[in-house]
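Next one to model:
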Amino acid sequence: MSRIGKQPVQLPDKVQFALKGDMISVKGPKGKLERQLHPAIKLDINDGIVTVSTDPNDKKKVALQGLFRSLIFNMVTGVTTGYEKKLLLSGIGYRAEIKGKNLILNVGYSNPVDFTLPDGIEASVEKNIEITLSGINKETVGQTAANIRDLRPPEPYKGKGIMYADERIIRKAGKTAGKE
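Now for the predicted structure:
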């Protein structure tokens, strides 16, 4: 039995949860999210509590139970509080700015990198080196942050690049001259 899948999801008062056919719809103060439900998963909605269930004898279905419980919990959290990821630019001359739906990054290439933000993602830049991405869909916020980080991942010798705010870069020692 899935430990996470057994836990019920508590719906806050300001969240509307609907199941139409195989589509889950969660609506809250920050917006609306939808996701398709797997046919092996069953949902029970009683008094603001969502319970996810499936066949306990099939390992794959039990794994799906835990997955969909987490997805539903993330949807509820997203429409109530939202999600946020912070990125830091580290390097001489590295900076970022926002122009409309585009994030302009100067990260050591000969030309600035023009990154278009997906729908539902908002970005803000502080001090030209701190990028904050926010949105209601945890998956989209995380994937956008990973795509931006992939433009110039941090390197281990000087630590230059784009990194998450809570990321720790393990530094390597550089070359040493021959001692004789």
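
Number of residues surrounding residue 34?
Residues lying near residue 34 (other Cβ atoms under 10 Å) number 12. C-beta coordinates here come from the backbone N, C-alpha and C atoms, glycine included.

Wasn't it part of a helix?
No - Residue 34: not assigned to a helix; according to DSSP: H, G, I helix; E, B strand; the rest coil it is strand.

Identify the residues contacting it.
The contact partners of residue 34, by Cβ atoms under 8 Å, 6 or more residues apart in numbering, come to 23-26.

Could you look up the SS state of the closest residue in space to residue 87 that isn't next to it in sequence?
Once flanking residues are discounted, residue 87 sits nearest to residue 131: 4.3 Å by Cβ to Cβ, 6 or more residues apart in numbering. Counting by three-state DSSP, the backbone at residue 131 sits in strand.

so who does residue 131 touch?
86-89, 96, 103, 123-125, 148.

repeat for residue 37
Here residue 37 is in contact with 19, 22-24, 43, 68 (Cβ under 8 Å, 6+ apart).

Just flag the most distant two among these.
Maximum pairwise distance in those, criterion Cβ to Cβ, is 13.0 Å, between 23 and 68.

These two - which one has more neighbours?
Between residue 23 and residue 68, counted using other Cβ under 10 Å, residue 68 has the larger neighbour count: 24 against 11.

Which strand runs longest in this structure?
strand 83-90 (DSSP state E).

what comes up buried for the next helix or strand after it?
Next helix or strand after strand 83-90 toward the C-terminus (DSSP states H and E): strand 95-99. Neighbour counts using 16 or more other Cβ atoms under 10 Å place residue 96 of strand 95-99 among the buried residues.
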